[in-house]
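Asker: below is the sequence, then the predicted model.
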Amino acid sequence: MPATPTSAELHPGQGDDAAIRRGVPVTRDHLASLNDDQRRAATAPAPQLLLAGAGTGKTETLARRVADLILNGGEQPDRLLCITFTAKAAGEMRLRLASVLAPDQMPRWVGTFHAAMARLLMEDGAGLPCLARGFSILSPGDARSLLMQVAGVTDIKDGSQLQEAVSLLRNALATTEGKRPRSAALLGCDPEILERATALVPAYRAALADREVVDFDDLIVLPVLGMRADPALADRWSGRWSEILVDEYQDTNLAQHALVRLLAGDRRRVFAVGDDLQAIYGWRGADVAHIRNFASDYRMPGDPLRLEINYRSSPTILRAANAVGANDREAMRKTLRPADPARPAGVSIAIREVATAEQEGRGAVGWVQALRKAQADLAWRDCAILVRAGFVSEPIVKALQEAGIPVRLVSERQPDAPKEVLAVIAWLRLAMSRSIGEGETQEQWQAVADDAFRRCCAFPARGIGGSLFRRLRDHATDRGIALAASVGSVEASDAERDRLLAVLAIARRIGDAIAGKRLGVPASLRLAAEYSGIQDRLRDDGQGRLTQAWTACLQAAAGAGSVRSYCDSAGLDDVPGETEVPDAVQVMTLHRAKGLEFDHVLLAGLEEGVWPNWQAEKRDAVPEERRLFYVGITRARHSLRLSWVRQRRSWDAKPSRFLDEIPRSLLESAAPAFASSKRADHGAPARMAAPPTQAETDRLVAAFMARRTAASAGPQ
């Protein structure tokens, strides 16, 4: 029997990850640190579904499976496609792979859905309609601006609602299949907004094509439509990979689900990891049915494998999570249990009822102060306050600030990376796309950096206009070569060619300097900024925005491995806005907290109408609201506190029905009880008084006897 893996082995980046970041192997045996269930999953034949509960080491298991396919299975690294949902998860996966694989064994196709498909389209997407050579990818903000221009609207809120509706329609493939699926996300849309969005899609698509750009939705939808229309293309693309590994499969929308099935082809070698009890993104198009139907979709023999040994939470917290999860009648069976059977149960779960939102804020202050008093070395960042809706956090943040407690309100959406930072990454990618074959004198440029070349021509501005670039693009397309490789032979005036050659000269200088000095990724980025003339533009803009974004980019690059592996995904995944979490109490929504964990967690705003959301019953989304509660519970390592308010803003509130799903035996003795019967108003449970403890009974009896004795004695 192998030794139980330590927290540092299962969660590099939270323990001692210095060795991993240096690329030093954790162990000689790449499977030695896994438990039996993890090892079984890492070596099982595909197609296979792995149901991985919260805190069970799924990322480590997935990384070790990739390593095993290469080291023991003889698979070529470039024939493995490993898809994640966030750039952070992709970076973590690459770090873990670097701990057990040599540099020449590292798979290059590790990234988000969008990054992987962007790279595929750049390498082999020339035959797709509406896809120009050297296309640019619009940021969400730029895509919204274009959509608003097409729609003729100026209000940002209106534009954002239209953008969300257009995205839902396109990812549901509704505008191409001639029908509108009755998905939870589309049912939750305002009908008027949805009608406007449906009418707007053709004009918006035409505007994207006219500008030779794509948005993030195109990166998924275009490959799906292309493979459906062209079986030869589907065969070619599905033949590129021997196995496709997908993390967080419960979060796939219809387009992503269709994409994986098309890329898998007839071999169906898909290894999917996920947890249907953590499916909380139905409002943006994800469908929990994709993971629950995986076995039939891929004709998987046998039952799904399961990871149920939890390395994160106390037994009390796990029992609460299991009890809540058991109320989802359609959930796939799974029971979390502690890795150490001898681990103490941990502190009871506290439920606090307060009169107003302001009192909830003061209660949060007292909670944090009590934790710090009990544990002097407790970092502020190890305390998290998680809410279902953003407005719940406002009085809490205010109370923390007034008490002098450092607080970090984590925004739901990350701002777009500044164009200056994206340009530096583009210059580095262009430089690293150049190679000189052994024994050859002619340099070669890779088409995968066509978008980077286009950005380098545009920033800093060098007088390379649209007419010249169109000629360059058409010439490259006709000859089937990269844009950079077309500079020497395209029809252009001497002045025009000199401007193009100047771009390549800078890229050569960057690449040669990196190779000669053997620079790491952060140093390479700094060099690219200096040689391209962007360095001065990265200085403080008066608000600190550029400085912060540039610093965050360099910090993220420090853990990215080699320069070449960084360039494989950089600029295609999101550029992090912040990598080092400041030492402050973390306040965020549950959707933002998914994938994170904290020593101590307060779930606030547990009232009917807030949690579950008042629209949940109309959209048949109460099960997803319960899963959100489950996710909140499983973010906590050591202690969990729940609070609800009797009067939220202007309405009288009732406690959330989900509070009644936590066993009484897990609660503090002073916690209230809730009736299991449902009321007509959205099923809110009736409020009941908690039965008195023995101490409270003795106190009440003693007080009654004292009053009786005093009354019988009469006035003195």
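Answerer: Now that the structure is in, tell me what you want to look at.
Asker: what about the nearest residue to residue 207 once chain neighbours are set aside, which helix or strand?
Answerer: Counting by CB to CB, 6 or more residues apart in numbering, residue 207 lies nearest to residue 150, which is 5.1 Å off, once chain neighbours are set aside. Every residue, glycine included, has its C-beta placed from N, CA and C. Per DSSP states H and E: residue 150 is located in helix 140-151.
Asker: run a quick neighbour tally on residue 128.
Answerer: Applying other CB atoms under 10 Å, we find 18 residues neighbouring residue 128.
Asker: any weak-confidence spans in this protein?
Answerer: 1-28, 175-182, 412-415, 437-441, 540-543, 559-561, 569-580, 670-716 (pLDDT under 70).
Asker: could you chop it up by domain?
Answerer: Under the assignment automatic domain parsing, the domains of the chain span 7-125+221-310, 142-211, 315-414+582-695, 419-569.
Asker: what about the second one, start to end distance?
Answerer: So that's domain 142-211. 12 Å (CA to CA, to the nearest Å).
Asker: centre of the chain to it, how far?
Answerer: The chain centre lies 23 Å from the centre of domain 142-211; the measure is CA atoms, centre = their mean, to the nearest Å.
Asker: could you grab the helix/strand/coil label for residue 306?
Answerer: Secondary structure, DSSP: H, G, I helix; E, B strand; the rest coil: residue 306 is strand.
Asker: now do the contacts for it.
Answerer: By CB atoms under 8 Å, 6 or more residues apart in numbering, the contact set of residue 306 is 37, 50-53, 334.
Asker: return the most buried member of the domains of the chain.
Answerer: Highest mean neighbour count of those: domain 7-125+221-310, a mean of 20 (counted as mean count of other CB atoms under 10 Å).
Asker: circling back: and the helix holding residue 150, what other elements does it pack with?
Answerer: helix 156-171, helix 191-210 (3 or more CB pairs under 8 Å, 6 or more residues apart in numbering; DSSP states H and E).
Asker: closest to residue 627 out of these?
Answerer: helix 156-171 (19.8 Å; CB to CB).
Asker: what packs against that closest one?
Answerer: helix 140-151, helix 184-187, helix 191-210, helix 218-229, helix 254-264.
Asker: beyond the longest strand anywhere in the chain, next helix or strand please.
Answerer: If you go by DSSP state E, the chain has its longest strand at strand 636-648. Following strand 636-648 in sequence order, the next helix or strand is strand 651-652 (DSSP H and E).
Asker: any idea how far that next one is from the chain center?
Answerer: Relative to the chain's own centre, strand 651-652 is displaced by 35 Å; criterion: CA atoms, centre = their mean.
Asker: quick one on the thing from earlier: how near is the residue nearest to residue 207 to residue 170?
Answerer: Plainly put, residue 150 is 14 Å away from residue 170 if you go by CB to CB, to the nearest Å.
Asker: cool, residue 94 as well?
Answerer: Residue 94 is 29 Å from residue 170, by CB to CB.
Asker: before we move on, what about residue 667?
Answerer: 46 Å.
Asker: also compute the angle for the helix holding residue 150 relative to helix 191-210, please.
Answerer: 100 degrees (axes from the mean of the first three to the mean of the last three CA atoms, to 10 degrees).
Asker: now helix 140-151 against helix 218-229, angle please.
Answerer: On the basis of the same axes, to 10 degrees, helix 140-151 is oriented at 70 degrees to helix 218-229.
Asker: show residues contacting helix 140-151.
Answerer: Under CB under 8 Å, 6+ apart, the answer for helix 140-151 is 138, 154, 158-160, 162-163, 166, 196, 200, 203-204, 207-208, 211, 215-216, 416.
Asker: shouldn't residue 285 be in contact with residue 185?
Answerer: Yes - the criterion here is CB atoms under 8 Å, and residue 285 meets it with residue 185 at 4.6 Å.
Asker: overlap in contacts, these two.
Answerer: 168, 172.
Asker: export stretch 344-351 as PDB, just CAs?
Answerer: The C-alpha coordinates for stretch 344-351 follow below in PDB (Å, rounded to 0.1, in the frame of the first residue of the first chain):
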ATOM      1  CA  PRO A 344     -10.800  14.900  14.900                       C
ATOM      2  CA  ALA A 345     -14.400  15.800  13.900                       C
ATOM      3  CA  GLY A 346     -13.600  19.500  14.100                       C
ATOM      4  CA  VAL A 347     -15.700  22.400  15.400                       C
ATOM      5  CA  SER A 348     -19.400  22.400  15.000                       C
ATOM      6  CA  ILE A 349     -21.000  24.400  12.300                       C
ATOM      7  CA  ALA A 350     -22.500  27.700  13.500                       C
ATOM      8  CA  ILE A 351     -25.700  29.200  12.200                       C
END
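Asker: who's residue 310 bridged to?
Answerer: residue 338 (DSSP bridges).
Asker: isn't it right next to residue 337, touching?
Answerer: Yes - counting by CB under 8 Å, residue 337 is a contact partner of residue 310 at 6.6 Å.
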